[in-house]
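Trainee: okay, predicted coordinates and the sequence, questions at the end:
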Amino acid sequence: MIKSALETRIIDALEVEAVHQHIDIVDVEIVGATKAPCVRVRIDTCEGSAITLDEVTAQNAWIAAVVEELDPFSASYTLEVSSPGMARPLRRVQDIMNHIGAAVELSTTATEGRRRYSGTITAADEQEVVLSTDSGEQYRIAHAEIKKCNVKPVYDFTPLTEGN
C-alpha cells in the first residue's frame with residue numbers, strides 16, 4: 001500500500017511500542033487541511049478479538065506520546081485514535097493475503113483508466129491481488145499500485161424469525 005513518508009514514519013514509531021502494549025497498529029492516515037491536519041490511528045488487539053472502547057481509551061496516552069515525540073507538524077494537529085471499524089483498512093500485503101474471499105473496496109494510483117474497484121479478493125500473493133467484481137470481471141492489481149483497500153462490510157437486515 002502506498003503511504004506518505006510521514007505516515008510511514010508514524011507507523012514505524014508506533015509499531016515499536018505497540019509490541020509492548022500487545023496492540024496491532026492497523027492503519028495511520030493523515031487527513032484534513034495542511035494548517036490543521038488530523039492524524040488518524042486505527043488500532044486493534046493482537047489476539048484477533050475486537051477492541052473495546054475502554055481498551056482504545058487506555059492506549060491513547062502512549063500513542064499520543066509517540067506521535068508527539070516525532071513532532072510531525074510545525075503547528076497544531078488533532079490526534080484521533082479508534083478501532084478499525086467494520087470497514088477495516090487492509091494496509092499490509094499480508095492483510096490482503098489473509099482476506100481472500102472477502103468483499104473489498106479498493107482504489108489505485110492509476111493515472112489512466114479505472115481507479116476504483118469493488119469486488120471479492122479471489123487470490124493474492126506477494127506481488128498482486130486478483131479481484132473479481134459482481135459482474136464477473138477479474139482484475140490483477142499490483143500491490144505497489146494500491147492506494148487504499150478496505151473490507152466492505154456486509155449488513156444483514158433480514159428480520160430474525162421467532163426461535164432464532
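Mentor: Noted; the coordinates are in hand.
Trainee: residue contacts, the closest residue to V39 other than its chain neighbours?
Mentor: Closest residue to V39 apart from its sequence neighbours, by Cβ to Cβ, 6 or more residues apart in numbering: L79 at 5.2 Å. Where C-beta positions appear, they are placed from N, C-alpha and C, glycine not excepted. Contacts for L79 were tallied using Cβ atoms under 8 Å, 6 or more residues apart in numbering; they are C38, V39, V41, I63, A64, V67.
Trainee: so the last one: helix, strand or coil?
Mentor: What that stands for is V67. In three-state terms, and counting by DSSP: H, G, I helix; E, B strand; the rest coil, V67 is helix.
Trainee: residues in contact with it?
Mentor: Contacts of V67 (Cβ under 8 Å, 6+ apart): I10, A13, L14, V39, V41, L79.
Trainee: so the first one sits in a strand?
Mentor: No. In this structure, I10 is helix, not part of a strand, as judged by three-state DSSP.
Trainee: how close does the closest residue to A110 other than its chain neighbours get to H99?
Mentor: Leaving aside its sequence neighbours, A110 sits nearest to E145 (Cβ to Cβ, 6+ apart; 6.6 Å). Distance of E145 to H99, computed by Cβ to Cβ, to the nearest Å: 18 Å.
Trainee: check E80 too.
Mentor: From E80 across to H99, the span is 24 Å (Cβ to Cβ).
Trainee: about what we covered before: how about the contacts of L79 in TSV, adding distance to I25, secondary structure and pLDDT?
Mentor: Listed next are those as TSV, based on distance: Cβ to Cβ, whole Å; DSSP: H, G, I helix; E, B strand; the rest coil; pLDDT from 0 to 100:
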residue	distance to I25	secondary structure	pLDDT
C38	17	strand	95
V39	12	strand	96
V41	7	strand	96
I63	9	helix	97
A64	14	helix	96
V67	11	helix	96
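Trainee: contacting residues around the residue nearest to A110?
Mentor: E145 sits next to I2, T108, T109, A110 when contact means Cβ under 8 Å, 6+ apart.
Trainee: between these, which has the most around it?
Mentor: Neighbour counts for the contacts of E145, by other Cβ atoms under 10 Å, peak at T108, which reaches 20 neighbours.
Trainee: lovely, talk soon.
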